[in-house]
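> Whatever this is, show me its structure:
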Amino acid sequence: MKEMSRRDLFKIGGVAAAGAMGASMLAGCSPSGEKKSEGGNAAADDKKVNDIAGHYRAGTPSFLSAPDPITDIKETKEYDVVIVGAGAAGVPAAISAKEAGATVALIQKEATAISQGNTATGILLDGSDPAGVSAVVSTLLKEHQFRGNRAQVELWAKNSGEAITWVFELAQKVGAQVSDTTKKWTSAVKTVNGYPLSYLSIDFGPKPYNTGDGMRALADYAEEQGVEIFYNTEAKQLVGDADSGITGVIAKGADGNIQFNAKKGVILATGDYQNDDEMMDYYLPMTVKLLDAYEDMDGQPVQGENITASKKEIEETIDTLNIAFEKLLDSIFRDTAWDVSTDISVLHTVLAQEGLTEDDFEKMKQNAEVK
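Numbering: from 1, shown residues only. Below is the predicted model of the structure:
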């Protein structure tokens, strides 16, 4: 088994955490800001409760509780589109919305655009077999234990090539250091299930130049085009609800709270749940504890017998968790599988009655040859 990172391990825990994301987004756009106490997790220092899941907390975690509405609004601004997060998703989204004629506000809690990672890949539909595109979608869902939403993955598969091509050309236009690295990243997956596929992969670099630098160059371009970027402005709360829709964002600036109203929509481009320590501690307490121990032992200069044995045990435990999630998913689809089997059986019966099955065709062929 390959060496694990914290991100590798967290990949297996998305079922519960992803379910909480809806509540998290409506409760607030950012982590609570609580620091971990010496006990290990975000909790009230004066009253810790150790529950059966193995984590400490006092009451319901903040991301599952709707906060009191923020009413102290110093200023209100009106836009067509409001985007939260100036990274590899937010900055291009802002430029695209502006190109479409919208008035755009881009809110970023940091002092500059920030993005991690370095490679982006899209499927070029013109050079790809549609069956291959569908096969990629199915493969990605399977490799991620079917935690993804198929409609969303299909949205990526059918639009990613156009999007990456657009970013690549725009990055070159603004002078960012970006290159075509398709051969490097996709040479091993030119076919999926025998169907040909064509890709475009890009990298910002060479290092130390990275995607963050590229996004900063694009953010400067966005401002030149009329996108209003509010740095050092942290989104605190969404305006609206799941029933009536989200109509804006309340963010905290240097002089107080600003309400950004959005006529067309709000785009959250703030990163994933792995950056929310409270959520991770709540849903994956024992898993996090295991990985913390693994990282600590892995960092020791001497890998003795006890450390090696403990690391191996943790690795095997992670494998067990993977199997558990797979079985859980399989049980969820048990009824669907039964329904599909029933439908197939009915279909075979109807086809046989109409004389359209393979056996019936063979009989017709034999009768024709006799005649």
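> Sketch out the low-pLDDT regions of the stretch 151-300 of the chain for me.
273-274, 283-285 (pLDDT under 70).
> so where do the strands sit in it?
For the stretch 151-300 of the chain, applying DSSP state E, counting those that start in this stretch gives strands covering 178-180, 191-192, 195-196, 199-204, 228-230, 234-241, 245-253, 256-268.
> Could I get the buried residue list for the last one?
Neighbour-count burial for strand 256-268, counted by 16 or more other C-beta atoms under 10 Å, picks out 257-262, 266-268. Quick note: C-beta positions are derived from backbone N, CA and C, even for glycine.
> other SSEs contacting it?
Judged by 3 or more C-beta pairs under 8 Å, 6 or more residues apart in numbering; DSSP states H and E, strand 256-268 is in contact with strand 73-84, strand 104-107, strand 234-241, strand 245-253.
> and the next element down the chain from the longest one?
Counting by DSSP states H and E, the element after strand 73-84 in chain order, helix or strand, is helix 90-99.
> Report all helices and strands that that following helix contacts.
Helix 90-99 sits against strand 73-84, strand 104-107, helix 150-173, helix 211-225, with contacts defined as 3+ C-beta pairs under 8 Å, 6+ apart.
> Just tell me which of those ends up closest to residue 301.
Of all the helices and strands packed on helix 90-99, it is helix 211-225 that lies closest to residue 301, at 32.1 Å by C-beta to C-beta.
> Closest to residue 61 out of the buried residues of strand 256-268?
residue 268 (19.3 Å).
> Hmm, that closest one is touching residue 81, no?
No. With contact defined as C-beta atoms under 8 Å, residue 268 does not count as touching residue 81 (12.0 Å).
> intersection of neighbour lists for these two?
Residues touching both residue 268 and residue 81 by C-beta atoms under 8 Å, 6 or more residues apart in numbering: none at all.
> sec struct for residue 63, please.
Counting by DSSP: H, G, I helix; E, B strand; the rest coil, the backbone at residue 63 sits in helix.
> Now for it, how many residues are close by?
Other residues lying near residue 63 total 22 when counted by other C-beta atoms under 10 Å.
> Could you check how far it is from residue 252?
Applying C-beta to C-beta, to the nearest Å, the value for residue 63 to residue 252 is 18 Å.
> State the pair within the buried residues of strand 256-268 that is farthest apart.
257 and 267 (20.2 Å).
> tell me the most buried of the helices and strands packed on helix 90-99?
Most buried of the helices and strands packed on helix 90-99 by mean neighbour count (mean count of other C-beta atoms under 10 Å) is strand 104-107; its value is a mean of 28.
> Could you list every helix and strand in contact with the helix or strand that that strand is followed by?
Using DSSP H and E, the next helix or strand after strand 104-107 towards the C-terminus is strand 119-123. Counting contacts by 3+ C-beta pairs under 8 Å, 6+ apart, strand 119-123 is packed against helix 150-173, helix 182-186, strand 199-204.
> Adding distance to residue 221, write these out as TSV.
Formatted as TSV, the helices and strands packed on strand 119-123 follow (distance: least, C-beta to C-beta, whole Å):
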stretch	distance to residue 221
helix 150-173	8
helix 182-186	24
strand 199-204	14
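> Ok, which of the ones you listed comes nearest residue 287?
Judging the helices and strands packed on strand 119-123 by C-beta to C-beta, what sits closest to residue 287 is helix 150-173, at 24.8 Å.
> what comes into contact with the closest one?
92, 95-96, 120-125, 133-134, 136-137, 140-141, 178, 180, 198-202, 204, 214, 217-218, 221.
> Just the buried ones from those residues?
92, 95-96, 120-125, 133-134, 136-137, 141, 178, 198-202, 204, 214, 217-218, 221.
> okay, which residue is most central for the protein?
Nearest to the mean C-alpha position of the chain, counting by C-alpha atoms, centre = their mean, stands residue 272 at 6.0 Å.
> how close does residue 194 get to residue 122?
Distance from residue 194 to residue 122, by C-beta to C-beta: 22 Å.
> typo on my end, residue 243
35 Å.
> returning to what we had before: out of the helices and strands packed on strand 119-123, which comes closest to residue 115?
strand 199-204 (8.7 Å).
> In terms of secondary structure, what does that closest one contact?
strand 119-123, helix 150-173, strand 178-180, helix 182-186, helix 211-225.
> how about a markdown table for those, with distance to residue 233 added?
Formatted as a markdown table, these follow (distance: least, C-beta to C-beta, whole Å):
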| stretch | distance to residue 233 |
| --- | --- |
| strand 119-123 | 26 |
| helix 150-173 | 24 |
| strand 178-180 | 28 |
| helix 182-186 | 35 |
| helix 211-225 | 14 |
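> Out of these, the one nearest residue 109 is which?
helix 211-225 (14.1 Å).
> and residue 280, which of the helices and strands packed on strand 199-204 is closest to it?
Distance to residue 280, taken as C-beta to C-beta, is lowest for helix 150-173 among these, at 22.2 Å.
> and the closest one with helix 211-225, angle?
Angle of helix 150-173 versus helix 211-225, following axes from the mean of the first three to the mean of the last three C-alpha atoms, to 10 degrees, is 80 degrees.
> I'd say residue 93 and residue 266 touch.
No. If you go by C-beta under 8 Å, residue 93 and residue 266 don't touch, sitting 11.1 Å apart.
> what touches both of the two?
In contact with both residue 93 and residue 266: residue 83, using C-beta under 8 Å, 6+ apart.
> Residue 326 is nearest to which of the helices and strands packed on helix 90-99?
Nearest of the helices and strands packed on helix 90-99 (C-beta to C-beta): helix 150-173, 17.4 Å.
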